[in-house]
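K.L.:
One predicted model, sequence on top.
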Amino acid sequence: MSTELLPELHTAVESRRNFAIISHPDAGKTTLTEKLLLYGGAIHEAGAVKARRAQRKATSDWMAMEQQRGISITSTVLQFEYRNCQINLLDTPGHQDFSEDTYRTLAAADNAVMLIDAAKGLEPQTRKLFEVCKMRGIPIFTFVNKLDRPGREPLELLDEIEQELGLQTYAVNWPIGMGDRFKGVFDRQQKQIHLFERSAHGSREAVDTVVDLGDARIEELLEQDLYYQLKNDLELLEGVGPELDLELVHQGKMTPVFFGSAMTNFGVQLFLNSFLECALRPGSHNSTAGDIPPTYPEFSGFVFKLQANMDPKHRDRVAFVRVCTGKFEKDMTVNHARTGRTIRLSRPQKLFAQERESIDFAYAGDVIGLNNPGVFAIGDTIYTGQKLEYEGIPYFSPELFATLRNPNPSKFKQFQKGVSELREEGAVQIMYSVDEAKRDPILAAVGQLQFEVVQFRLQNEYGVETLLELLPYSVARWVEGGWEALNSIGRLFNTTTVKDSFGRPVLLFRNEWNCHQLLEDHPNLKLSAIAPVFSTQQVTEG
């Protein structure tokens, strides 16, 4: 591919913004996602998650079970254009039982928006996901939500972020009032007060009155005590707070903080505008050929998610691919790093939750949907030109285990197909007994809800009813060095050996104590809480 493409790639990368939203359940993530789409012009009316009958369903929650329960349990990708920027919003599951799906999605994100409930502050799931972002060096933008309800003092929340996460904070805007008296926000960059009017259920854009800080009209528009409180807070912020430093933001050491209410739309557009200015553009990715910049003229990308049956009518399987370099073009032929095969990408799609439309090209930072005829696995690299492979995406240690049985022999084929496809997309990890007589798959999950989703989807999408039998284990460890290392140890006690879906040995323990005991007895045995990441080398050797 020629260097003539470089100006086009530079322009495309400059206009791309890609981010994931991380939060604890119930912080309002799906609501914020909807409102960003509303202001981005991607939808015309926002639907709350717990949909009133007359209201639309939330766009990002497309699975039947999500709409029934009012929770997000799958990652989706929402793409829209706003202010000459192409935005890829990676919507992640809010429920902690699906944190593994969120970890995988963060591998494809350039930025993260950390959503915090103003009344609760930092919560366990937010802390956990923050650690993943920190590990990956992802810049974090903080949106403090639910200011339309009584909450904690804004200064106290900033202090908590600094103390607990070790992040410097810079309040980009500041709330005026709280709860019933939440009137709007002060934009510190532009030195302007934004006063909002509530709309019906926040389904339309909020009406915004903008007033300069010294404007005489403030006395009429704002109650005196709120105005004095704002002036005092600002004096304090200017006195002790740091300046906004984008370099520190991009290094993940400082977080710009925004206050608002996704439900009433207060502060959402200000956040979106500021985010576009400050967010990190698509950057380099580490590969077997070194750090590859997004403007590298050959196409490459990696699969970070697989999803079966997004469109139940067509029984489709979609691979979500993060474009890392070059230009993707419809019908292009690419190399598949893990298998060495050549694949023609004939039906690429732009993703918008469950809705898709065909695309002709995409650039670094974009996420595209590819038809998956069973070729792709999570972490796979596809590329043109010089051979390269991106770092794989690890599977984490499950904590719950259960045997899945199919009581109806006539549904054997559907059962096998369903289990295989749900395993491929990472809905749950699948393990098998080393005893060939025991054919039933063992489901291995991070949370109970994963089991429910697998059973629900097997029945709903494959027509198979299943029985679940819980197993008494809570710890899984992969054996480093594989079967050879394991067999050299001899007999093991207080553990059960199974194999994962790639045939690698995994030891299951009832508790951490049993695991430590085994390692004390066999100091040469090396165990890992994270599944070994596949590479081409392993596949060709195997």
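P.N.:
Structure received.
K.L.:
When you work out contacts or count neighbours from here on, use the C-alpha atoms and nothing else.
P.N.:
Fine.
K.L.:
I'd guessed residue 161 sits against residue 123; true?
P.N.:
No - using CA atoms under 8 Å, residue 161 is not in contact with residue 123, being 10.9 Å away.
K.L.:
Who has more neighbours out of those two?
P.N.:
Each of residue 161 and residue 123 has its neighbours counted (other CA atoms under 10 Å); residue 161 has more, 19 against 14.
K.L.:
Give me the nearest residue to the more buried one, chain neighbours excluded.
P.N.:
residue 167 (6.4 Å; CA to CA, 6 or more residues apart in numbering).
K.L.:
Please report phi then psi for that neighbour.
P.N.:
The phi/psi pair for residue 167 (degrees, to the nearest 10) reads phi -110, psi 140.
K.L.:
Give me the neighbour count for it.
P.N.:
Residue 167: 20 surrounding residues under other CA under 10 Å.
K.L.:
likewise residue 468?
P.N.:
16.
K.L.:
Could you do residue 243 as well?
P.N.:
10.
K.L.:
right, and it touches residue 170 too?
P.N.:
Yes - contact criterion CA under 8 Å: residue 243 and residue 170 qualify, at 7.0 Å.
K.L.:
For the strand or helix carrying residue 13, buried residues please.
P.N.:
According to DSSP states H and E, residue 13 maps onto helix 6-14. Using 16 or more other CA atoms under 10 Å as the burial criterion, the residues of helix 6-14 that qualify are 9-10, 12-13.
K.L.:
Let's have those in a markdown table, adding pLDDT and distance to residue 494.
P.N.:
Below are those laid out as a markdown table (pLDDT from 0 to 100; distance: CA to CA, whole Å):
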| residue | pLDDT | distance to residue 494 |
| --- | --- | --- |
| 9 | 96 | 57 |
| 10 | 96 | 57 |
| 12 | 96 | 56 |
| 13 | 97 | 54 |
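K.L.:
Is residue 176 in contact with residue 192, as I believe?
P.N.:
No - checked against CA under 8 Å, the pair residue 176 and residue 192 is beyond contact range at 12.0 Å.
K.L.:
Could you list the residues in contact with the helix or strand hosting residue 234?
P.N.:
Per DSSP H and E: residue 234 is located in helix 224-240. Defining contact as CA atoms under 8 Å, 6 or more residues apart in numbering, one finds that helix 224-240 is touched by 175-177, 218.
K.L.:
Convert the helix holding residue 13 to PDB, retaining C-alpha atoms only.
P.N.:
Output of helix 6-14 as PDB, limited to C-alpha atoms (Å, rounded to 0.1, in the frame of the first residue of the first chain):
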ATOM      1  CA  LEU A   6      -0.900   8.900   4.700                       C
ATOM      2  CA  PRO A   7      -2.800  12.300   4.600                       C
ATOM      3  CA  GLU A   8      -6.100  10.400   4.500                       C
ATOM      4  CA  LEU A   9      -5.100   8.300   7.500                       C
ATOM      5  CA  HIS A  10      -3.900  11.300   9.500                       C
ATOM      6  CA  THR A  11      -7.200  13.100   8.900                       C
ATOM      7  CA  ALA A  12      -9.200  10.000   9.800                       C
ATOM      8  CA  VAL A  13      -7.300   9.300  13.000                       C
ATOM      9  CA  GLU A  14      -7.500  13.000  14.100                       C
END
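K.L.:
so after that helix, what's the next helix or strand?
P.N.:
Once the chain leaves helix 6-14, the next helix or strand it forms, by DSSP H and E, is strand 16-23.
K.L.:
Flag the shaky bits of this structure, pLDDT-wise.
P.N.:
By pLDDT under 70, the low-scoring segments of the chain are 1-3, 42-76, 92-100, 199-203, 308-316, 349-357, 427, 533-542.
K.L.:
circling back to that earlier point, quick one: buried ones out of the contacts of helix 224-240?
P.N.:
For the contacts of helix 224-240, a burial check counting by 16+ other CA under 10 Å picks out 175-177.
K.L.:
if we take the residues you listed, which one ends up nearest to residue 263?
P.N.:
residue 175 (15.2 Å; CA to CA).
K.L.:
Just give the closest residue to the closest one, not the sequence neighbours.
P.N.:
Excluding the flanking residues, the one nearest residue 175 by CA to CA, 6+ apart is residue 185, at 4.4 Å.
K.L.:
neighbouring contacts of the host helix or strand of that neighbour?
P.N.:
Following DSSP H and E, one finds residue 185 within strand 184-187. Strand 184-187 is contacted from outside by 172-177, 192-196, 259-260, 266-267, using CA under 8 Å, 6+ apart.
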